[in-house]
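1. 3D, please:
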Amino acid sequence: MATAAIVILAGMASHADLGRLVNGLETAAGFADNPNDGVNCLGVTSRGTRLAHL
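-> Next up is the predicted model:
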């Protein structure tokens, strides 16, 4: 069983920022596909902090 915490640090101004977000979410989805793994994803933007449990 693997446990991961994925922290995504990205702004909201460019396509590169969106790319960082997508890369982090794809990594989280890889952990979420396995029922024995746990993952928490924390996204930090210039507008504040959001926590999503996948």
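2. what bridges to the closest residue to residue 24 other than its chain neighbours?
-> Of all residues not flanking residue 24 in the chain, residue 8 sits nearest, at 3.9 Å (C-beta to C-beta, 6 or more residues apart in numbering). (Each C-beta comes from the backbone N, C-alpha and C, glycine too.) Beta-bridge pairing of residue 8 under DSSP bridges involves residue 43.
3. now residue 4
-> Assessed by DSSP bridges, residue 4 has beta-bridge partners residue 39.
4. pull the contacting residues for it.
-> Applying C-beta atoms under 8 Å, 6 or more residues apart in numbering to residue 4 gives the contacts 27, 28, 31, 37, 38, 39, 40.
5. let's see 10 Å
-> Neighbouring residues of residue 4 by C-beta atoms under 10 Å, 6 or more residues apart in numbering: 27, 28, 30, 31, 32, 37, 38, 39, 40, 41.
6. buried ones among those residues?
-> Neighbour counting over the contacts of residue 4 (16 or more other C-beta atoms under 10 Å) leaves 28, 31, 32, 39, 41 as the buried ones.
7. in strands, which of the residues you listed appear?
-> 39, 41 (DSSP state E).
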